[in-house]
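Colleague: just coords:
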């Protein structure tokens, strides 16, 4: 029993180190491969590689016994073709959870990460999208979806603020309407506020940590995008509550 606390710290910080090293190594390899392969071929390979890196990372955490993941519901989206995948955003792990199950996901990334010499190689290779110029970002996102990719986009644009709840922006709806693709809602449920807005990266949570993904309704965007975003915000609030952590079955 006295080994429990040291073991939890070992898994937590060892996991963060493993994730950082895996991303760095793949980004370095991707930066070399990027100019050598055709754009479309490279993007597919890049997306598959990111899925493999993220899934391997989650498998290691799950093997520790103090992380539990049930993400199998996402597998139903693999062969669905072009979609906008719109999850809630309780923690920094959310993009990792979704991308670990889907082989052709494109994400929108902060420009400073996309441009980073050491971390951006994998993102550029996978044809991820910079978020610095709204018009350019929307055009790139529409093109990516029309090319058959699945766009992972959090309607809030940032992690959920626990006290204020959900505040959806309209960009995801505008992209869906312009590209004429549906929006698939996804609910990420967890028993912890770990890595939520304001949670320090190295602060230890209470274990076990449990994460589950389930599919919500699929929507077509018609009419005013701001009105649609407001309606979808109500749907998330009615389904998940006000944005606090969600208690899930600890027997997963």
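Modeller: That came through fine. On a predicted model such as this, the values are computed, not experimentally measured, just so you know. Residues are numbered from 1 along each chain as shown.
Colleague: can you list the weak-confidence ranges in the stretch 1-150 of the chain?
Modeller: Filtered on pLDDT under 70, the stretch 1-150 of the chain yields the residue ranges 1.
Colleague: let's see it at 90
Modeller: 1-3, 109-120, 131-134 (pLDDT under 90).
Colleague: All the strands of it, residue numbers only.
Modeller: Taking DSSP state E, counting those that start in this stretch, the strands of the stretch 1-150 of the chain run over residues 67-70, 83-87, 105-109, 129-130, 150-152.
Colleague: Let me have those strands in TSV, adding mean neighbour count and distance to residue 48 as columns.
Modeller: The way it works is simple: take the backbone N, C-alpha and C, and place the C-beta from them, glycine included. Formatted as TSV, the strands of the stretch 1-150 of the chain follow (neighbours: other C-beta atoms under 10 Å; distance: least, C-beta to C-beta, whole Å):
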stretch	mean neighbour count	distance to residue 48
strand 67-70	19	20
strand 83-87	23	17
strand 105-109	23	10
strand 129-130	20	18
strand 150-152	24	13
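Colleague: Nearest to residue 228, out of those?
Modeller: Proximity to residue 228, assessed across these by C-beta to C-beta, is greatest for strand 83-87 (11.3 Å).
Colleague: got a list of contacts for the closest one?
Modeller: 77, 94, 98, 102, 105, 145, 150-155, 172, 175-176, 179, 181-188, 213, 232 (C-beta atoms under 8 Å, 6 or more residues apart in numbering).
Colleague: who does the lengthiest helix in the chain touch, helix- and strand-wise?
Modeller: Counting by DSSP state H, the longest helix found in the chain is helix 4-33. Packed against helix 4-33, as judged by 3 or more C-beta pairs under 8 Å, 6 or more residues apart in numbering; DSSP states H and E, are the following elements: helix 39-63, helix 120-125.
Colleague: Can you give me the buried ones in it?
Modeller: Judged by neighbour count using 16 or more other C-beta atoms under 10 Å, the buried positions of helix 4-33 are 8, 11-12, 15, 19, 22-23, 26-27, 30-31, 33.
Colleague: Kindly reformat the strands of the stretch 1-150 of the chain as TSV containing distance to residue 223.
Modeller: Shown next, in TSV, are the strands of the stretch 1-150 of the chain (distance: least, C-beta to C-beta, whole Å):
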stretch	distance to residue 223
strand 67-70	35
strand 83-87	17
strand 105-109	24
strand 129-130	26
strand 150-152	21
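Colleague: Which of those strands sits closest to residue 123?
Modeller: Closest to residue 123 of those, according to C-beta to C-beta: strand 105-109, at 5.4 Å.
Colleague: relative orientation of the closest one and strand 83-87 in degrees?
Modeller: 60 degrees (axes from the mean of the first three to the mean of the last three C-alpha atoms, to 10 degrees).
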